[in-house]
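**Student:** Have a look at this fold, sequence not included:
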């Protein structure tokens, strides 16, 4: 679970890294190029959430398998 | 089959899909008329079909194994792979119809690939119906394994062969130029291929979860008898 959190964090970091280096003062961080980065981050979070959920099902199943 | 209890390939699948989501939105794409930004759908629509074909391939592989050596586990793998494959089929068709609505005009164009995919869907629905109609377990496993071996080539022909022989709106089919030939530049490949692998792994993962549930259910059933 810890690795997953790290991966998640790095992915989000990479999104913001794309946005860096813009010389316009108004366009910073996620606000660059029509704020598409916000959409990317949203979908990434949705998928990451589903992935975490799948992992939790996996974990629970492992527990049940052990008890069997 | 101990790999289904391992975690590394599940992480790999998640990372690849996350990569394809980030890359799919941000990597530059060729500017094409009509398609415009919807070309990015390629990263999300096509991998669903890849995941489906991988799952159905696993299913037919285990059906053959079942016929060679009648092990109930193989039958469970086969049926759960089809169950998850059908989910990916529905998602693939849904995203395709969404995409078609904005690029081809209507969600359903009676395009040869759409029609063939619909037929393939019925073939696999028949697989599930057939299974449920046989009461006796070993008979059910055997009949459905044989049926699956017939269903799989039909699916492959319907989705990958027939559409290429007629006129289809799908790229790479009929008179249409393939994405691969003219439009799919190396940057797009860099995102598309990892997303194929990622979604396939996610699909296999869900199938293994269902398979493991089925194993427990069967064990409980056996204990109660």
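**Tutor:** The structure has been received and is ready for your questions. In this text, all values refer to a predicted model and were calculated from it rather than measured experimentally.
**Student:** Thought residue B:196 was touching residue B:50, still the case?
**Tutor:** Yes: contact criterion Cβ atoms under 8 Å: residue B:50 and residue B:196 qualify, at 4.4 Å. (C-beta placed from N, C-alpha, C; glycine too.)
**Student:** Burial check on the residue nearest to residue B:93 when sequence neighbours are not counted, number of neighbours?
**Tutor:** Spatial nearest neighbour of residue B:93, chain neighbours left out: residue B:117 (6.3 Å); criterion: Cβ to Cβ, 6 or more residues apart in numbering or on different chains. Using other Cβ atoms under 10 Å in any protein chain shown, residue B:117 has 20 neighbouring residues.
**Student:** other SSEs contacting the biggest helix by length in chain B?
**Tutor:** In chain B, with assignment by DSSP state H, the single longest helix is helix B:186-224. Helix B:186-224 is packed against helix A:36-67, helix B:8-26, helix B:42-68, helix B:72-103, with contacts defined by 3 or more Cβ pairs under 8 Å, 6 or more residues apart in numbering or on different chains; DSSP states H and E.
**Student:** Which helix or strand in chain A has the lowest average pLDDT?
**Tutor:** The weakest-scoring helix or strand in chain A, judged by mean pLDDT, DSSP states H and E, is helix A:2-19 (a mean of 55).
**Student:** Please apply the same query to chain B.
**Tutor:** Per mean pLDDT, DSSP H and E, bottom of the list for chain B is helix B:162-165, a mean of 80.
**Student:** Any buried residues in that helix, and which?
**Tutor:** For helix B:162-165, a neighbour-count test (16 or more other Cβ atoms under 10 Å in any protein chain shown) marks B:162-163 as buried.
**Student:** where are the low-confidence patches of chain B?
**Tutor:** B:172-184 (pLDDT under 70).
**Student:** Quick check: residues of it near chain A?
**Tutor:** B:5, B:7, B:10-11, B:14-15, B:17-19, B:21-22, B:25-26, B:202, B:205-206, B:209, B:212-213, B:216, B:219 (Cβ under 8 Å from any Cβ of the partner chain).
**Student:** that older thread, can you redo the helices and strands packed on helix B:186-224 as JSON lines, where the extra columns are mean neighbour count?
**Tutor:** Converted to JSON lines, the helices and strands packed on helix B:186-224 look like this (neighbours: other Cβ atoms under 10 Å in any protein chain shown):
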{"stretch": "helix A:36-67", "mean neighbour count": "14"}
{"stretch": "helix B:8-26", "mean neighbour count": "20"}
{"stretch": "helix B:42-68", "mean neighbour count": "21"}
{"stretch": "helix B:72-103", "mean neighbour count": "20"}
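**Student:** show me the contacts for the residue nearest to the spatial centre of chain B.
**Tutor:** Residue closest to the mean C-alpha point of chain B, counted by Cα atoms, centre = their mean, is residue B:52 at 0.7 Å. Neighbouring residues of residue B:52 by Cβ atoms under 8 Å, 6 or more residues apart in numbering or on different chains: B:85, B:88-89, B:92, B:203.
**Student:** check which helix or strand covers residue B:32.
**Tutor:** Counting by DSSP states H and E, no helix or strand carries residue B:32.
**Student:** Count residues in the vicinity of it, would you?
**Tutor:** Residue B:32: 13 neighbours (other Cβ under 10 Å).
**Student:** Same question for residue B:191.
**Tutor:** 21.
**Student:** In contact with residue 43, which residues?
**Tutor:** Looking at chain A here, since you left the chain open. B:21, B:25.
**Student:** other chain: chain B
**Tutor:** B:20, B:23-24, B:188, B:191-192, B:195.
**Student:** Let me have the residues you listed in TSV, extended by distance to residue B:96.
**Tutor:** Shown next, in TSV, are these (distance: Cβ to Cβ, whole Å):
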residue	distance to residue B:96
B:20	18
B:23	21
B:24	16
B:188	18
B:191	19
B:192	16
B:195	16
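**Student:** Kindly indicate which of those lies nearest chain A.
**Tutor:** Distance to chain A across these (Cβ to the nearest Cβ) is lowest for residue B:24, with 8.6 Å.
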